[in-house]
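>>> Attaching a predicted model along with its sequence, questions to come.
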Amino acid sequence: MTALQREIERRGRRIFELVDKHPEPLFSKAGFYQRLMALSMRDERFKAQLFRFVDVLPSLRRSSEIVEHLDEYFSDDGFGPLVGVGVRLARIVPWVSGRILRWNVSGMARQFIAGRNPDDVMATLRKRHAQKIGFTVDLLGEGVVSEAQADEYAARYLDLLEKLARETKGWSDPLGKNSELFPVVNLSVKISALYSQISPADPADAIAHLAPKLRPLLRRARELGAFINFDMESYAHKNITLELFKTIFTEEEFKDWPHAGIVIQAYLRDSEADLRGLVEWGRARGTRFALRLVKGAYWDYETTKSRQNGWDCPVYFQKPESDANFEALTRVLFENESIVTAAFGSHNVRSIAHTQALADELGIDRSRFEFQLLYGMAGPIKRALVEMGYRVREYCPVGELLPGMAYLVRRLLENTSNEGFLRAKFAENLSAEELLREPRELVKPDGASPPDSASVVRKQAQPRTKMARTKCRAHCAKCASALAKSIHSSSAAKKSGRMS
Ligand SMILES: Cc1cc2nc3c(=O)[nH]c(=O)nc-3n(C[C@H](O)[C@H](O)[C@H](O)COP(=O)(O)OP(=O)(O)OC[C@H]3O[C@@H](n4cnc5c(N)ncnc54)[C@H](O)[C@@H]3O)c2cc1C
């Protein structure tokens, strides 16, 4: 065993010890959500129906409609007694059941949404500040469909920025060291919210429309001492996002501003080339920039879409390949620490422990990078990292239930994925030894085609069964539109495909 692997295991076990010190359910809200998650992990069919139901729910107005859809999606006896009783009860008291269901599903969405509006979110951010956890705030919503909507988003981002700056005056950095690298106010933006006609075939047009929307926000952020991150969306948007970032931050006005960041997705085969390209650009520019490394949230979508179109698939097919690449890119980031400030967006203790151990090996002080985790997930891991003296930032989406639904479905997908770390640790109780294994050892030499999880998504995107279609004649328009969005949409099958 190498010294690095030994250190990763030591760190990983320490994180698990700290996590076990404050036992907490997998997700911050127990009850209804826990039960649905448990069922979804056991039964792929149930999971597919659940996602469709959650997707169509916001468009159902009357309780009777909710109950009819519930009946249609879940009346199969094979789903177990809990679901069976729920469906029967809903038939008997539709009004009450419809309201309870909507309330429960809204509760599920709220688990991952830090606030409905900027006022709301401040309560969460204050709580986290007291726990020494920082924030990056994002506005929920799907790809805009008109320029009026895009302008509205741009204005909302600006308002949010002003509010965050006002309300956090006097907040200090939790580590008090190298704090100039990590402004307190941190906003994450998605380009698909700012232009409705983004076409991968015409990056120049996209940049020409996006840059004027972004400049006022960046200017104000700079005046307020805030930080702006460009989130990364589906592969179709990747090159535009990279190009836009480099173009704007080479302009005279922003050339010497270090508080801008971008994302690299380690599940992409070309991620190392993109990262090295950014580093080279950063060195030529001569000012630090920040980079959030994630594995990527569009795996299902990218595999399905490329298969449907007969394209080369841009993502790795084996989960350990993404894990191993995340580690390789962590090294590239640390080796270029003099120009890039790194943030690591992961809930995977192996990936986190590797980051910690490698930083020590390369002599990078822990105050010079940060860990980022999503709101509503992995609370005990966040606490453990704070206790170990690391900088932790929480990604906090803000918005209403309706635009939040797609975000919810994406989180459900991630949390119930067969291959996800959180499921392996908290639902399947794999041993620390298994969870901390070197990912390169787990890559199978013959794993060249997409595994079955892509077919789960395909199944979800299929038309409903004949029986269900017949039963739901009255609501086909709603179901059809939900179906068109479905999981596939939740992983950004929409043109813009926004996600974090
Ligand atoms: C703070 C924060 C910000 C984020 N911002 C973004 C963003 O801007 N853009 C974005 O796309 N995502 C973003 N994400 C989402 C992120 O990509 C997922 O949360 C993350 O991939 C889950 O990885 P993990 O290390 O926590 O979990 P793990 O369980 O270790 O990894 C799960 C990931 O592995 C990959 N994977 C799953 N199955 C396979 C397979 N068969 N073959 C290859 N790879 C596979 C997928 O990327 C999947 O998401 C963000 C996450 C966080 C925490």
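Done, it's in. Numbering: from 1, shown residues only.
>>> residue ranges with poor pLDDT in the stretch 1-150 of the chain?
23-36, 54-55, 57-67, 70, 73-108, 142-143 (pLDDT under 70).
>>> meant to ask about the chain
For the chain (pLDDT under 70), the answer is 23-36, 54-55, 57-67, 70, 73-108, 142-143, 401-406, 427, 448, 450-500.
>>> how about the helices in the stretch 201-350 of the chain?
With DSSP state H, counting those that start in this stretch as the criterion, the stretch 201-350 of the chain has helices at 203-224, 235-248, 271-285, 299-309, 319-335, 349-361.
>>> Mean neighbour count, the ones you listed: which tops it?
helix 349-361 (a mean of 22; mean count of other Cβ atoms under 10 Å). Backbone N, C-alpha and C define where each C-beta goes, glycine included.
>>> any chance of the helices of the stretch 201-350 of the chain in CSV, with distance to the ligand too?
CSV is the format used below for these (distance: least, Cβ to the nearest ligand atom, whole Å):
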stretch, distance to the ligand
helix 203-224, 16
helix 235-248, 9
helix 271-285, 11
helix 299-309, 4
helix 319-335, 3
helix 349-361, 5
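>>> Kindly reformat those helices as TSV containing distance to residue 408.
Formatted as TSV, the helices of the stretch 201-350 of the chain follow (distance: least, Cβ to Cβ, whole Å):
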stretch	distance to residue 408
helix 203-224	26
helix 235-248	21
helix 271-285	27
helix 299-309	15
helix 319-335	23
helix 349-361	24
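>>> Residues of the chain that sit close to the ligand?
Contact residues, the chain versus the ligand (Cβ under 6 Å from any ligand atom): 231-232, 263, 265, 267, 292, 294-299, 315-319, 321-323, 345-348, 351, 372-374, 395, 414, 419-421, 451, 499-500.
>>> Distance-wise, check residue 286 relative to the ligand.
26 Å (Cβ to the nearest ligand atom, to the nearest Å).
>>> Report the contact partners of that residue.
255, 256 (Cβ atoms under 8 Å, 6 or more residues apart in numbering).
>>> any idea how far residue 165 is from it?
Look at residue 286 and residue 165: by Cβ to Cβ, to the nearest Å, they are 27 Å apart.
>>> now swap in residue 438 and tell me
Applying Cβ to Cβ to residue 438 and residue 165 gives a distance of 44 Å.
>>> Residue 187 now?
For residue 187 relative to residue 165 (Cβ to Cβ), the value is 10 Å.
>>> Mutual contacts of the two, please.
Looking at what touches both residue 187 and residue 165 (by Cβ under 8 Å, 6+ apart), the common residues are residue 226.
>>> higher neighbour count, the two?
residue 187 (22 against 19; other Cβ atoms under 10 Å).
>>> Check what contacts stretch 352-368 and list those residues.
3-4, 7-12, 15, 175, 177-178, 181, 327, 330-331, 334-335, 337, 341, 344, 346, 369, 371, 381, 385, 388-391, 436.
>>> Just the buried ones from those residues?
Neighbour counting by 16 or more other Cβ atoms under 10 Å classes 7-9, 11-12, 15, 175, 181, 327, 330, 334, 337, 341, 344, 346, 369, 371, 381, 385, 388, 390-391, 436 among these as buried.
>>> In strands, which of the residues you listed appear?
Judged by DSSP state E, the buried ones among the contacts of stretch 352-368 include 341, 344, 371 as members of strands.
>>> What residues does the first one make contact with?
For residue 341, the contact set (Cβ under 8 Å, 6+ apart) comprises 181, 182, 258, 261, 288, 289, 290, 291, 368, 369.
>>> out of everything not next to it in sequence, what's closest to it?
residue 290 (4.3 Å; Cβ to Cβ, 6 or more residues apart in numbering).
>>> what's near enough to touch that neighbour?
Counted by Cβ under 8 Å, 6+ apart, residue 290 has contacts 181, 227, 229, 258, 259, 260, 261, 262, 340, 341, 342, 343.
>>> Number of residues surrounding the last one?
Other residues within reach of residue 343 by the criterion other Cβ under 10 Å amount to 23.
>>> isn't it right up against residue 373?
No - between residue 343 and residue 373 there is no contact under Cβ atoms under 8 Å: 10.5 Å.
>>> what touches both of those two?
Common neighbours of residue 343 and residue 373 (Cβ under 8 Å, 6+ apart) are residue 393.
>>> just checking, residue 393 is part of a strand?
Yes - counting by DSSP: H, G, I helix; E, B strand; the rest coil, residue 393 is found in a strand.
>>> Please name the residues that touch it.
133, 134, 135, 136, 182, 186, 343, 370, 371, 372, 373.
>>> which two from those residues end up farthest apart in space?
182 and 373 (15.3 Å; Cβ to Cβ).
>>> nearest to residue 202, of the ones in strands among the buried ones among the contacts of stretch 352-368?
The closest of those, once distances to residue 202 are taken by Cβ to Cβ, is residue 341, at 31.9 Å.
>>> Next one: that closest one relative to residue 224, how far apart?
Counting by Cβ to Cβ - residue 341 and residue 224 are separated by 19 Å.
>>> With residue 182 instead?
For residue 182 relative to residue 224 (Cβ to Cβ), the value is 15 Å.
>>> Over to residue 39?
46 Å.
>>> Likewise for residue 114?
20 Å.
>>> which residues does residue 172 contact?
179, 184 are the contacts of residue 172 under Cβ under 8 Å, 6+ apart.
>>> mind checking the SS state of it?
coil.
>>> What sits closest to residue 294 if chain neighbours are left out?
Residue 294's closest residue in space is residue 345 (Cβ to Cβ, 6+ apart), at 4.1 Å.
>>> What's opposite that neighbour in the beta bridge?
With DSSP bridges as the criterion, residue 345 is bridged to residue 372.
>>> ok, it touching residue 377?
No - counting by Cβ under 8 Å, residue 345 stays clear of residue 377, with 11.3 Å between them.
>>> Between these two, which is the more surrounded one?
residue 345 (24 against 20).
>>> Show the contacting residues for the more buried one.
263, 292, 293, 294, 371, 372, 373, 395.
>>> which strand residues sit across from the fourth one in the sheet?
The partner list for residue 294 in beta bridges (DSSP bridges) reads residue 265.
>>> Over to the last one?
Per DSSP bridges, residues listed as beta-bridge partners of residue 395: residue 136, residue 374.
>>> ok, now how distant is it from residue 362?
Residue 395 is 26 Å from residue 362, by Cβ to Cβ.
>>> out of these two, which sits in the busier spot?
More crowded of residue 395 and residue 362, by other Cβ under 10 Å: residue 395, with 24 against 12.
>>> Pull the contacting residues for the more buried one.
135, 136, 138, 188, 345, 372, 373, 374, 375, 500.
>>> Redo these as CSV? Include distance to residue 125.
Listed next are these as CSV, based on distance: Cβ to Cβ, whole Å:
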residue, distance to residue 125
135, 5
136, 10
138, 13
188, 14
345, 18
372, 15
373, 15
374, 15
375, 10
500, 17
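>>> What subset of those is buried?
Buried subset of the contacts of residue 395 (neighbour count, 16+ other Cβ under 10 Å): 135, 136, 138, 188, 345, 372, 373, 374, 375, 500.
>>> OK, contacts around the residue in the stretch 1-150 of the chain that the ligand sits nearest to?
Nearest residue of the stretch 1-150 of the chain to the ligand: residue 136, at 7.1 Å (Cβ to the nearest ligand atom). Residue 136 is in contact with 186, 187, 188, 227, 229, 372, 393, 394, 395, 396, counting by Cβ under 8 Å, 6+ apart.
>>> All set, thanks.
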